[in-house]
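*Asks:* need a 3D model of the following:
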Amino acid sequence: MSTLKVHTIESAPAESKSLLENSQKAYGMIPGLHGVLAGAPGILEAYQTIHQLFVDSSFNNEELTVVWQSINVEHECHYCVPAHTGIAAMMKVDKKITDALHNRTPLANSKLEVLREMTLSIVRNRGNVKDTEIEAFYAAGYGERQILEIILGLSQKVISNYTNHIAQTPVDPAFEKFTWK
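*Replies:* Next up is the predicted model:
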């Protein structure tokens with residue numbers, strides 16, 4: 001059982017209070033993950049900053065979902081898979097994409113499948129990808145920027161997935177209907 005606390009604005013360290021207020025304003029609630037991260041203000045700030053940078057990357061909503069969910073499923077994150085399933089639905093991402101990602105099956109869209117494969121190779125091989133994988137990625141229409149942006153997304157997911165494993169963060173009520181095993 002984890003001893004990491006899910007903070008509220010009232011219980012959080014002073015340096016985290018304004019960050020949690022930002023979460024409250026942005027989402028209409030404080031996501032449980034943010035409450036846990038509030039225990040160390042620097043990691044909450046880093047997570048929020050990396051999240052925004054990744055959302056503002058060159059990836060569209062489907063591509064963001066492919067990167068996030070490929071990593072979440074690979075890391076078997078009980079919290080992030082349902083959260084990003086709900087987020088994907090809000091972003092109008094086709095359910096067939098999220099289902100394929102959940103089920104670890106190839107995506108019908110060949111460009112998105114190459115993105116999924118590159119993301120998983122970066123994760124599984126700790127960045128030691130083969131030249132042939134990079135060539136296939138470039139041939140699909142991606143470039144250097146997108147390789148680096150996958151690493152940005154991975155940075156965000158390492159913070160969230162690892163924290164959720166240690167904290168056993170409860171899934172937020174808004175995402176319980178998307179629970180994944």
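*Asks:* tell me where the protein has helices.
*Replies:* With helices called from DSSP state H, the chain shows them at 14-27, 32-37, 41-55, 61-74, 80-90, 95-103, 110-124, 131-139, 144-167.
*Asks:* ok, the residue nearest the centre of the chain - contacts?
*Replies:* Compute the mean C-alpha point of the chain, and by CA atoms, centre = their mean the closest residue is Trp68, 4.0 Å away. Counting by CB atoms under 8 Å, 6 or more residues apart in numbering, Trp68 touches 80, 84, 87, 153, 156-157. The way it works is simple: take the backbone N, C-alpha and C, and place the C-beta from them, glycine included.
*Asks:* give me that answer again for 7 Å
*Replies:* Counting by CB atoms under 7 Å, 6 or more residues apart in numbering, Trp68 touches 84, 153, 157.
*Asks:* ok, the nearest residue to the second one once chain neighbours are set aside - how many residues close by?
*Replies:* Same thing as Gly153. Closest residue to Gly153 in three dimensions, ignoring its sequence neighbours and counting by CB to CB, 6 or more residues apart in numbering: Val67, at 4.3 Å. Burial of Val67, expressed as a neighbour count using other CB atoms under 10 Å, amounts to 27.
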